[in-house]
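Chemist: here is my input, please return the structure:
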Amino acid sequence: MGFFENKLFKMKQTIGFFMAAITGGVVASSAFYFSQANKLEQERAIAELKQTQLNEATNHRVNYAPSTAPINFSDAAEQTVNSVVHVKTTFELDGGYYSFDPIRHFFFGDGIYQKQPRIGAGAGSGVILSEDGYIITNNHVIDGAATIMVTMNDKKSYEAEIIGQDPSSDLALLKIDGSGFPKIEMGNSDQVRLGEWVLAVGNPFNLESTVTAGIVSAKGRDINILANGPNGSNAIESFIQTDAAVNPGNSGGALVNTRGELVGINAAIKSNTGSYTGYSFAIPVNIVSKVVSDLLEFGAVQRGYLGVRIQDVTSELIEETEVKADFGVYVAQVLDMGAAKEAGLKSGDVIQKIGNQSIKGVTELQEQVSKYRPGDKVLVTINRDNEIVEIPVTLRNQFGEESLTPKSEMDLHTRLNAQFEDVDSKLQKELDIQGGVQIKDMGPGKLRNAGISPEFIILKVDQQNVKNKEDLIKKLENKEGGILIEGIYPNGKKAYYGFGL
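Modeler: All right, here's what the predicted structure looks like:
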């Protein structure tokens, strides 16, 4: 290499190093910039959520400031007794059956006849929520009823129709025709305090318009009386416990404060005899408000989920895990496709606040989260290795989706009880397929009963190709009777499954 060539080479080399240094600086600056931008975005989201959640109306619930008025049971009773109704139901105990009388057949030719089904009856209570006849009651009061009759305090009776049911909270919404009905005033169960006087209004033992009094004995009580739904979703149990006398027939009636405001729906007693023995339990009205709002707007409850497996923080847990928090809810597992994983929660975190509400146990966490819908943003405060961290979380439904779900699709999800995900391009290429929907997780339901295992990829429904998750839902939600599903497992094994919807 000559003198000039050598000079030129060194010059190019120097320029290359210089340009590399500039590029590195730009990359580093960009990384720093985006890091700072993400941090600022996170801080802005946290500030917005704090401000937003000062307004409790965003949680689909009501809020009333506490009153300093003197206690007066008579006023509260008079305000509410006309808003509580007697709910009477009839049930078909069997479907009837055919019988054959050979002697009647010999003489009259009509010895084959169908007997009428046996009819049973039930009773409970309900609470009028609006002047145009919407009534809330317990789901167990009306579930499976053939007819529902509602009797007012003035003895007038109306036939009711079911607007919607939510077994997970044991609530049901009814409607009667008419106007000018005496509705109850709504309170705020978050403001109910231990030791506060309350009244239970209902129809125990068919004794209409009965009022009893007691105090709030506990909040956030879980007594394990609500079974998990058929889709595996957890029942919402966070009862207000009182010592107001509640007996069979009180179910669905009102628990009111001394201002005559509804703070709960009486739902259960804990008793070995079936009658009141000192403990009664009511569903908090803030859960009721959310359920009613969803049933009216969507026909089904739109419940938000964090996507975590949790347990109470106890002395045993602290000893086993060396967790540093002394209260809250311990995150044992963060679920795939869940809101918590997407937001950055980790196993070992301890959740201590949802929005502005402190969390001391699992039932309180379930109660607070149940007030939100999928897609709602909530600020979750955690203790992570003794450091308090605030994390904005966008809630999802139990199927891992942020969007609200139409009732028909929710009913389908309930029957199938599975989480679906579009097959990514890499897996499509490996298996030489086009489109398809993969089952990522499943619980008890039609798919599991048919013998399908998680990770199965659905390619066809009744010999029609399935492009993606949306396409699958459209093909299934209006199906009735038997269907055939074809697909493939990630190991290349093809499979066919038939079942009824």
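
Chemist: where's T242 relative to D294, distance?
Modeler: 26 Å (Cβ to Cβ, to the nearest Å). For every residue, glycine as well, the C-beta is placed using N, CA and C.

Chemist: which one's more surrounded, these two?
Modeler: T242 (28 against 20; other Cβ atoms under 10 Å).

Chemist: that one reaches A213, doesn't it?
Modeler: No: contact criterion Cβ atoms under 8 Å: T242 and A213 do not qualify, at 9.3 Å.

Chemist: intersection of neighbour lists for those two?
Modeler: Shared contacts of T242 and A213, defined by Cβ atoms under 8 Å, 6 or more residues apart in numbering, are found at V198, A200.

Chemist: helices along this structure, start to end?
Modeler: Here the chain has its helices, by DSSP state H, at 3-52, 73-80, 102-108, 139-142, 285-298, 315-321, 339-343, 362-369, 407-416, 425-431, 446-449, 469-477.

Chemist: give the contact list for the nearest residue to G436 once chain neighbours are set aside.
Modeler: Distance criterion Cβ to Cβ, 6 or more residues apart in numbering; nearest residue to G436, sequence neighbours excluded, is V423 at 4.2 Å. Going by Cβ under 8 Å, 6+ apart, V423 touches I433, G435, G436, V437, Q438, I457.

Chemist: and if you look at N266?
Modeler: Shown in contact with N266 (Cβ under 8 Å, 6+ apart): 125, 200, 202, 246, 250-255, 280-282.

Chemist: between these, which is nearest A332?
Modeler: Lowest distance from A332 to the contacts of N266 (Cβ to Cβ) belongs to F281, with 26.8 Å.

Chemist: residues near the closest one, how many?
Modeler: F281, neighbours per other Cβ under 10 Å, totals 24.

Chemist: out of the contacts of N266, who's nearest P490?
Modeler: Looking across those and measuring by Cβ to Cβ, the closest to P490 is F281, at 46.9 Å.

Chemist: specify the beta-bridge partners of the closest one.
Modeler: Q241, A268 (DSSP bridges).

Chemist: that one is in contact with A244, isn't it?
Modeler: No: look at F281 against A244 with Cβ under 8 Å: they stay out of range, at 10.5 Å.

Chemist: quick revisit: report the buried members of the contacts of V423.
Modeler: Neighbour-count burial (16 or more other Cβ atoms under 10 Å) applied to the contacts of V423 gives G435, G436, V437, Q438, I457.

Chemist: any chance of CSV for the residues you listed, columns distance to I163 and pLDDT?
Modeler: Converted to CSV, the buried ones among the contacts of V423 look like this (distance: Cβ to Cβ, whole Å; pLDDT from 0 to 100):
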residue, distance to I163, pLDDT
G435, 38, 93
G436, 38, 94
V437, 33, 94
Q438, 36, 94
I457, 39, 96
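
Chemist: out of the residues you listed, which one sits closest to N82?
Modeler: Using Cβ to Cβ, those come closest to N82 at V437, 53.0 Å.

Chemist: so how far is F399 from that closest one?
Modeler: 12 Å.

Chemist: find residues that contact each of these two.
Modeler: By Cβ under 8 Å, 6+ apart, the residues touching both V437 and F399 are F420.

Chemist: can you pull the phi/psi pair for N386?
Modeler: Main-chain dihedrals, N386, degrees, to the nearest 10: phi 70, psi 10.

Chemist: leaving out chain neighbours, which residue sits closest to it?
Modeler: Closest to N386 by Cβ to Cβ, 6+ apart is K324, at 4.1 Å.

Chemist: same deal with G252?
Modeler: Using Cβ to Cβ, 6+ apart, the closest residue to G252 is T137 (3.4 Å).

Chemist: same check, this time on G451
Modeler: Residue nearest to G451 in three dimensions, not counting chain neighbours: Y497, with 6.3 Å by Cβ to Cβ, 6+ apart.

Chemist: tell me the confidence at the one you found?
Modeler: What the model reports as pLDDT for Y497 is 94.

Chemist: check contacts around G253.
Modeler: Going by Cβ under 8 Å, 6+ apart, the list of residues near G253 reads V84, G124, S125, G126, V127, A200, V201, G202, N203, V246, I265, N266.

Chemist: for those residues, which one is nearest I162?
Modeler: The nearest member of these to I162, counting by Cβ to Cβ, is G126 at 11.7 Å.

Chemist: from G220, how far off is the residue nearest to the spatial centre of the chain?
Modeler: Centroid-nearest residue in the chain, with Cα atoms, centre = their mean: R303, separated by 3.5 Å. Distance of R303 to G220, computed by Cβ to Cβ: 18 Å.

Chemist: what's the local residue count around the closest residue to L412 other than its chain neighbours?
Modeler: Spatially, and ignoring its direct neighbours in sequence, L412 is nearest to E477 (4.8 Å; Cβ to Cβ, 6+ apart). Neighbourhood size, E477 [other Cβ under 10 Å]: 15.

Chemist: what's around G264, how many residues?
Modeler: Neighbours around G264, by other Cβ under 10 Å: 28.

Chemist: tabulate the buried ones among the contacts of V423 (a markdown table), appending distance to D385.
Modeler: As requested, the buried ones among the contacts of V423 are exported to a markdown table (distance: Cβ to Cβ, whole Å):
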| residue | distance to D385 |
| --- | --- |
| G435 | 44 |
| G436 | 42 |
| V437 | 39 |
| Q438 | 35 |
| I457 | 40 |
